[in-house]
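S.K.: Pasted the sequence and its predicted model underneath.
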Amino acid sequence: MEQRIGSSSQPLEGAGFDPAFIPGLTSPVSGDAEDAGPGDAKPEEAVEEAAGADEPTPTAEEPDDSGEEEASDGPVFEASDRRAKFIADHQGIRLSLDDQACEFRWDEIGAIETETPRFGKRFTITVHTPDRRWYPIEIEAESRARFAEWDEQLDAVMDKYFEDETPETKEEEPEESD
């Protein structure tokens, strides 16, 4: 069975997909941070706090690897908009959309695909795993000029950390003829 990466259908709108579609169902968001109480946070901050809560903190029992600090000096790619966030660094790739997040180590990734639309400002990054699953995320750019910049930054990270499992030094064996 094949799965297609791009969709030819238009996204659905309605209460089933966006609770804010029905007036009064969600509380209105104020534009001023001064109006917010001490426990209130902006939606962007809530997403960052939720993403930060999932990351484990090092404990005294686990020694910190000094090799990991050296690897953190390498290139980092980060792209985000009001809902989605994509980070690629020495640890792997992290995707988050609203309150959902997933993380892939470099050895769990089969391929990474980028797609730029002909029209519009949504940059799509798809992470493919070896078990034939994929995880796309769309990030809205401020302008279409950012697409080339993001491609270059992601290529730099991929060149540094992503290892292709097909060794180039291995010679192909000639096929036996009958």
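M.R.: Here it is on my side, so go on.

S.K.: In the protein, what residue spans correspond to strands?
M.R.: In the chain, the strands defined using DSSP state E lie at 77-80, 84-89, 92-97, 100-104, 111-115, 122-128, 134-140.

S.K.: The last one to strand 92-97, inter-axis angle?
M.R.: In other words, strand 134-140. Per axes from the mean of the first three to the mean of the last three Cα atoms, to 10 degrees, the angle that strand 134-140 makes with strand 92-97 is 60 degrees.

S.K.: Mind listing what's buried along strand 134-140?
M.R.: Neighbour counts over strand 134-140 (16 or more other Cβ atoms under 10 Å) mark 137-139 as buried. C-beta here means a position set from N, CA and C on the backbone, and glycine is covered the same way.

S.K.: now swap in the fifth one and tell me
M.R.: By neighbour count on 16+ other Cβ under 10 Å, the buried set for strand 111-115 is Ile112.

S.K.: Return the list of helices and strands in contact with it.
M.R.: Judged by 3 or more Cβ pairs under 8 Å, 6 or more residues apart in numbering; DSSP states H and E, strand 111-115 is in contact with strand 122-128, helix 146-161.

S.K.: That strand pairs with which strands, parallel or anti?
M.R.: According to DSSP bridges, strand 111-115 forms sheet pairs with strand 122-128 (antiparallel).

S.K.: any low-confidence regions in this protein?
M.R.: The chain contains residues with pLDDT under 70 at 1-4, 6-72, 164-178.

S.K.: if you set the cut-off to 90 instead, what comes out?
M.R.: 1-74, 117-120, 162-178 (pLDDT under 90).

S.K.: can you list the buried residues of strand 134-140 in CSV and add distance to Phe119?
M.R.: Formatted as CSV, the buried residues of strand 134-140 follow (distance: Cβ to Cβ, whole Å):
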residue, distance to Phe119
Ile137, 19
Glu138, 14
Ile139, 16
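
S.K.: thinking again about what came up before, would you reformat the helices and strands packed on strand 111-115 as TSV and include mean neighbour count and distance to Ser80?
M.R.: Shown next, in TSV, are the helices and strands packed on strand 111-115 (neighbours: other Cβ atoms under 10 Å; distance: least, Cβ to Cβ, whole Å):
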stretch	mean neighbour count	distance to Ser80
strand 122-128	19	11
helix 146-161	15	11
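
S.K.: among the ones you listed, which is nearest Arg105?
M.R.: Closest to Arg105 of the helices and strands packed on strand 111-115, according to Cβ to Cβ: helix 146-161, at 10.0 Å.

S.K.: which strands and helices sit next to the closest one?
M.R.: Checking 3+ Cβ pairs under 8 Å, 6+ apart, helix 146-161 ends up next to strand 77-80, strand 84-89, strand 111-115, strand 122-128.
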